[in-house]
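[1] any chance you can model this:
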Amino acid sequence: MQPRFGCWRKDSAAIFNNKGSFQLKLYFSKSLWYGDCVWSKMLTTLLAKSMKIDFMMNWFSTMGGGHSQLAAKNKSNAVQAGLYALKMMKVCHDVGDRVGIIRCGLYVVISLFLQGRADEGELILSFVDTFAKYNRIDYQSANLQHVYLVIDRKRKELP
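    Numbering: from 1, shown residues only. Take a look at the predicted model:
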């Protein structure tokens, strides 16, 4: 008798490539009870979506932070950092992560300050503050006070 791996056949595998990503190949066994396979498919879909979101958030955060650091010398990097923050905000919105939406909104504000567009940054900051108050999210409890301090420092640097 062959060993069973839940609903998965023995030839299911995770394949890693040299670019740092991997593919998950899962094959269902037809000899098992159908109810187990339905739950396995739902859990696998949820797992794959969670892994994709984690990968996207890590990528956008890394690239946005790098462009934000380079923004002092080149304003186009500040624009690119803001675009990454907006992409992260869309992912957070799709997942329903309210703290992530606020964090990304603050990153957009920092990007606007780095571009010298302080008026638009202040307007978006007021929207982010309103969203945080509406959802009863405190900056300290959400570990966002350091981002807010960066915004205060950028405000003082503006002429």
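[2] what's the first helix or strand after the top helix by length along the chain?
    Using DSSP state H to define each element, the chain has its longest helix at helix 34-70. Counting by DSSP states H and E, the next helix or strand C-terminal to helix 34-70 is helix 75-95.
[3] so which elements touch whichever helix or strand comes after that next one?
    Using DSSP H and E, the next helix or strand after helix 75-95 towards the C-terminus is helix 98-115. In this structure, helix 98-115 makes packing contacts with helix 34-70, helix 75-95, helix 118-134, helix 145-157, judged by 3 or more Cβ pairs under 8 Å, 6 or more residues apart in numbering; DSSP states H and E. Backbone N, C-alpha and C define where each C-beta goes, glycine included.
[4] show the average pLDDT along helix 98-115.
    For helix 98-115, the mean per-residue pLDDT is 88.
[5] returning to what we had before: looking at the helices and strands packed on helix 98-115, which is buried most?
    With neighbours defined by mean count of other Cβ atoms under 10 Å, none of the helices and strands packed on helix 98-115 is more surrounded on average than helix 75-95, at a mean of 18.
[6] from the contact counts, what lies against that one?
    Helices and strands touching helix 75-95, as assessed by 3+ Cβ pairs under 8 Å, 6+ apart, comprise helix 34-70, helix 98-115.
[7] so who does the residue most central in space within the chain touch?
    Here the mean C-alpha position of the chain is nearest to the C-alpha of Met57 (Cα atoms, centre = their mean), at a distance of 2.9 Å. Met57 makes contact with 88, 91-92, 100 under the criterion Cβ atoms under 8 Å, 6 or more residues apart in numbering.
[8] and with 10 Å instead?
    Neighbour list for Met57: 87-88, 91-92, 95, 97, 100, 104 [criterion: Cβ atoms under 10 Å, 6 or more residues apart in numbering].
[9] okay, and the helix or strand of the protein with the least pLDDT?
    strand 13-16 (a mean of 57; mean pLDDT, DSSP states H and E).
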